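A.B. asks: need a structure here:
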Amino acid sequence: MSVFDDGSAVERALSLLGSALEVQGAVPYDIVVVGGAAMSVLGIGIRPTKDVDVLGLCEDSTGSMDRTLAKHKPLPEALLAAAATVADAMGLDSDWLNAGPADLLDHGLPEGFERRLTSTSYGPLLTVWLPSREDLICLKTYAAADTGVGRHTEDLEALRPSCEELIAGALWAQSQDPSEEFRAMLAGLLRYFDCEVAVKKLGHG
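C.D. replies: Below is the predicted model:
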């Protein structure tokens with residue numbers, strides 16, 4: 001299997017990952033998962049996805065509202081070793097667990113992102129944190145504007161954002177890329193969603 005067909009397949013891989021960490025005698029890991037895998041686990045716009053995108057590792061996560069995210073690119077060796085075991089067991093690509101979106105941490109996440117995370121444990125050594133719907137809208141607005149109409153746009157449609165939510169996502173996305181070229185791409189995305197009022201708030205057109 002080179003792709004995850006649905007959330008249950010993603011969760012099976014995460015469960016096996018937790019078990020592999022136990023076999024290794026690894027330390028506990030708290031990972032923040034975003035993208036299509038997160039949406040599948042949450043039951044939003046289920047579609048096949050080839051990987052599990054790890055935004056970062058969650059620290060100080062024992063119930064504290066002040067938890068922080070740390071960038072790990074590449075991911076820790078023990079986590080990658082466990083992921084390799086899962087890849088062999090499920091026939092996944094070697095990079096099915098990756099830190100592809102980790103660079104988003106360089107310019108800051110939507111305000112309150114960490115407080116809105118929800119978690120699920122996959123054994124004693126693996127906790128997976130998932131973003132809220134409003135934060136997924138922000139992340140997908142950025143990705144959809146950056147790549148054009150495609151899977152990220154479909155994911156954004158599945159989240160059913162209002163124009164107000166889209167403008168919030170667009171304003172955050174500009175913190176990642178403040179260029180005029182990207183502003184124009186955001187405006188095109190907002191027009192795709194028939195949010196002309198949001199285009200005006202963005203200051204374009």
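A.B. asks: So which residue is dead centre in the chain?
C.D. replies: Centroid check for the chain by Cα atoms, centre = their mean gives Val34 as the closest residue, at 1.4 Å.
A.B. asks: Could you pull out the buried residues of the longest helix belonging to the chain?
C.D. replies: Longest helix in the chain by number of residues (criterion: DSSP state H): helix 7-24. Of the residues in helix 7-24, 7, 9-14, 16-21 count as buried by neighbour count, 16 or more other Cβ atoms under 10 Å. Glycine gets a C-beta too; all of them are placed from N, C-alpha and C.
A.B. asks: Contacts for that helix, please.
C.D. replies: Helix 7-24 has contacts (Cβ atoms under 8 Å, 6 or more residues apart in numbering) with 1, 4, 28-29, 37, 40-43, 46, 49, 52, 78-79, 81-83, 85-86, 89-90, 92, 96-97, 121-126, 128.
A.B. asks: relative orientation of the following helix or strand past that helix and helix 7-24 in degrees?
C.D. replies: Counting by DSSP states H and E, the next helix or strand C-terminal to helix 7-24 is strand 29-34. Per axes from the mean of the first three to the mean of the last three Cα atoms, to 10 degrees, the angle that strand 29-34 makes with helix 7-24 is 160 degrees.
A.B. asks: Direction included, what does strand 29-34 pair up with?
C.D. replies: With DSSP bridges as the test, strand 29-34 is paired with strand 52-59 (antiparallel), strand 126-130 (parallel).
A.B. asks: Output those strands in JSON lines; the columns should cover mean neighbour count and distance to Lys201.
C.D. replies: What follows is the strands paired with strand 29-34, written out as JSON lines (neighbours: other Cβ atoms under 10 Å; distance: least, Cβ to Cβ, whole Å):
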{"stretch": "strand 52-59", "mean neighbour count": "22", "distance to Lys201": "27"}
{"stretch": "strand 126-130", "mean neighbour count": "22", "distance to Lys201": "29"}
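A.B. asks: out of the contacts of helix 7-24, which are buried?
C.D. replies: Using 16+ other Cβ under 10 Å as the burial test, those include 4, 29, 37, 40-42, 46, 49, 52, 78-79, 82-83, 85-86, 92, 96-97, 122-123, 125-126, 128 as buried.
A.B. asks: Show me what the least confident helix or strand in the chain by mean pLDDT is in contact with.
C.D. replies: Each helix and strand of the chain was given a mean pLDDT (mean pLDDT, DSSP states H and E); the minimum falls on helix 196-202 at a mean of 73. Outside helix 196-202, the residues within contact range by Cβ under 8 Å, 6+ apart are 163-164, 166-167, 170-171, 174, 183, 186-187, 190-191, 205.
A.B. asks: Give me the buried subset of these.
C.D. replies: 163, 166-167, 170-171, 174, 183, 186-187, 190.
A.B. asks: Mind putting those into CSV with secondary structure?
C.D. replies: Shown next, in CSV, are the buried ones among the contacts of helix 196-202 (DSSP: H, G, I helix; E, B strand; the rest coil):
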residue, secondary structure
Cys163, helix
Leu166, helix
Ile167, helix
Ala170, helix
Leu171, helix
Gln174, helix
Arg183, helix
Leu186, helix
Ala187, helix
Leu190, helix
